[in-house]
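Visitor: 3D, please:
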Amino acid sequence: MARSDFAHFLSAPNIFADCGLIILSAAAVRDIPIPGSAAAFLRQVEEFLDRALPDSARIRFPGGTFALGEGAEPALADILARAMLKLQRGAGYEVARYRLVNAAPALRGDYLAVECANRSSSVLLVDLAFDLVEGLSKRAAGDLEENEERWLRSRVASYPETDRQHGGSQTFRLVIAAARKRGIPIASPLPKEDFLYLGHGARRRPVLQHFPAGTDFTSVKFSVNKWASAKLLCDAGLPGPQNRLVLNENQAVAAAEALGYPVVVKPNRSDYGIGVHVKLQNAEEVRTAFQLCSLHGEVLVERFVEGDNHRLLVMYGTFVAAVRQHPAQVTGNGKDTLRALVEQVNATRTDELTARLRKIVVDDDALRTLKAQGYGLDDVPEAGAKVKLRFQSNLSVGGMPETISHQVHPDNRDLALRAARVMGLEVAGIDFVIPDIARSWMDGGGGIVEINSTPGFLMGLPEGALEERFIAGLFPEGDDGRIPVVYLIEEAGEGALLEAVGRLLRDGGYQVALATGEGVSLDGRPLTKAKASLAQRLRVAFADPLVTAVVVRASLPEIVREGLGVERCSLAVFGPGGPSRAADQPSLAAAGLLARAADCIVLGTDGTALHAAAMEGQAPAKLLPVEAGAEGVGNEPWLSAIGQALQRSGVLAPSPVAEPSSASLSALAGE
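Guide: I've put the predicted structure just below:
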């Protein structure tokens, strides 16, 4: 049985923390022997991770707070928690919290709770942490074979990249951070792709990479096809690239001679500078480039445009930023070889494209570029000499950006805006080559060489600034993508209050999803045919673009086991009957969690422990009390309080619907 079988992921917020957690049964950590001193073994584990995950070497964590039950091992729990946190930090997550909690009876025993940023990789994380601790325990005892240790080190070293495959690129994570900063709900149904949903129900917006909701599919197809987009730009009177689509080497050479050397040979449908060969000077180079490019599909031969490469970024009809893109290069110091200089530059960069830039790859294209400048890898350039490793300037192949937004001539800004409009793209990166960006393209020449429908956001601005602007285009100021959610805590099977609340909302103009353990329905029509967990029924309700409000019925033990599922809700109703008698500590903690998340609370004033837990630390104005003795799920005092609460929270406007008459209350109650 895998160690992850003893664990599950608890969504945020939950009764233990405001973050996602791996909840690991303490029973699973009792049978790993720790050799010698636990403190010494912990140091061994951290040193092993420091060597395998260089980016995490400087990270130290605060200790956890433990309240262990009989038979549990605090040192081992501490070691496992630190290993899981350090692995996540090596993958780029800001995580640091863990503790062991006694969750009985709701979770039946002691549980180690470790902060976890990525639900999708949580199973992998648990299994790897156990394998690491068990492997190093065997090594300390002299039982770990050398090949086993190499295998373990390889698994640890590859974890960050594996996690990124689950959690998306760095830019994707910055988009998520920008949405989270605005309080916008986030769902990632395809964790191995840069794809997510922002918002709930009718206010939900899909995002794929940097494609905002509403991006036209035809426009994207045109932008990916470089030959088609060039024709579209030229037909609009813009300085698009002069190119020809070729089918073989002879056609490529003929096209190059017709266009005039130097030329560019590149795939017609590739991204990130893949397969692009720049500034080719003769037929032999063109033939070689065609052979390589044809591996990526159709091939273009294009006239080379003299000048500096610039990326002009347009978002939602506004010119946002510009950078001058310098090719991958090193600067000589008069003593080190080019090979050593590249290694020095790469020491500060990363394998993927991040704010620290991507490492320079020394391949055949780099060697050809060096040869064209009269260099080899083992040559020592003189001090101050700038030596290029690429003629192309894509950041994806080691290029370097220089912020020049303030230098861009107004005509060139307008050119970028027009190009995005012509292509039908809300977000676009225009690759524009011109000798002097401060001069108008109408006077200084230059041309557009490509339009990118999913441009990178490395534009020399503070990290996250463009991602926040991207989110603002989807959700204007004041729009957090949320719809009204009413949490109803009542006994399973009692449906009168649920139906009555749904009718109040429908009368207020909402299309209401009712979500219970028996399933989910929308305005009386079933959306599911099977029983569903709390998390499942929330996902179903939030996924439907017709839904403008949700009433979810849940029990306090469900919230303990699964988490609340929403960070905020419009109203929490602790209905009459069973919930008022809840007394166990986890259920009381769940009541407090729900009350803190709610804009308003409807609760009986019976002085029970539930009442005290729900109102602890809450502003009295949040509470609409129902006097003790007001029994019966259809009772008028409960519906009256709920109507007033929906009005107070802004869900219902001041109207007869929000403050129903006695007659309408009786009708809703079925009396």
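Visitor: all helices for the stretch 251-400 of the chain, in order.
Guide: Assigned by DSSP state H, counting those that start in this stretch, the stretch 251-400 of the chain shows helices spanning 283-293, 338-346, 364-372.
Visitor: Quick one: the helices in the stretch 551-671 of the chain, in order.
Guide: Under DSSP H, counting those that start in this stretch, the stretch 551-671 of the chain gives helices at 556-562, 585-597, 609-615, 636-648, 662-668.
Visitor: Can you lay out these as CSV showing distance to residue 53 and mean neighbour count?
Guide: (Glycine included, C-beta is placed from N, CA and C.) Formatted as CSV, these follow (distance: least, Cβ to Cβ, whole Å; neighbours: other Cβ atoms under 10 Å):
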stretch, distance to residue 53, mean neighbour count
helix 556-562, 31, 21
helix 585-597, 34, 22
helix 609-615, 42, 20
helix 636-648, 50, 22
helix 662-668, 59, 15
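Visitor: of all the helices of the stretch 251-400 of the chain, which lies closest to residue 43?
Guide: helix 338-346 (30.5 Å; Cβ to Cβ).
Visitor: Packing partners of that closest one?
Guide: Packing partners of helix 338-346 (3 or more Cβ pairs under 8 Å, 6 or more residues apart in numbering; DSSP states H and E): strand 329-331.
Visitor: Go again with 10 Å.
Guide: strand 329-331, helix 364-372, strand 386-388 (3 or more Cβ pairs under 10 Å, 6 or more residues apart in numbering; DSSP states H and E).
Visitor: In terms of helices and strands, where is residue 244?
Guide: strand 243-246 (DSSP states H and E).
Visitor: For that strand, C-alpha coordinates in PDB please.
Guide: Coordinates of the C-alpha atoms in strand 243-246 are reproduced here as PDB (Å, rounded to 0.1, in the frame of the first residue of the first chain):
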ATOM      1  CA  ASN A 243       8.000  35.800 -47.100                       C
ATOM      2  CA  ARG A 244       7.300  32.800 -49.300                       C
ATOM      3  CA  LEU A 245       6.000  29.300 -48.400                       C
ATOM      4  CA  VAL A 246       8.400  26.700 -49.800                       C
END
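Visitor: Just the residues contacting it, thanks.
Guide: Here strand 243-246 makes contact (Cβ atoms under 10 Å, 6 or more residues apart in numbering) with 225-228, 230-231, 251-256, 258-259, 263-266, 268, 286, 290, 293-294, 298-303, 449.
Visitor: Need the helices and strands packed on helix 338-346 in JSON lines (columns: mean neighbour count and mean pLDDT).
Guide: Formatted as JSON lines, the helices and strands packed on helix 338-346 follow (neighbours: other Cβ atoms under 10 Å; pLDDT from 0 to 100):
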{"stretch": "strand 329-331", "mean neighbour count": "18", "mean pLDDT": "92"}
{"stretch": "helix 364-372", "mean neighbour count": "16", "mean pLDDT": "86"}
{"stretch": "strand 386-388", "mean neighbour count": "17", "mean pLDDT": "92"}
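Visitor: Dump these into a markdown table; add distance to residue 321 as well.
Guide: Shown next, in a markdown table, are those (distance: least, Cβ to Cβ, whole Å):
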| stretch | distance to residue 321 |
| --- | --- |
| strand 329-331 | 23 |
| helix 364-372 | 28 |
| strand 386-388 | 25 |
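Visitor: Of these, which is nearest residue 424?
Guide: Per Cβ to Cβ, nearest to residue 424 of these: helix 364-372, 33.2 Å.
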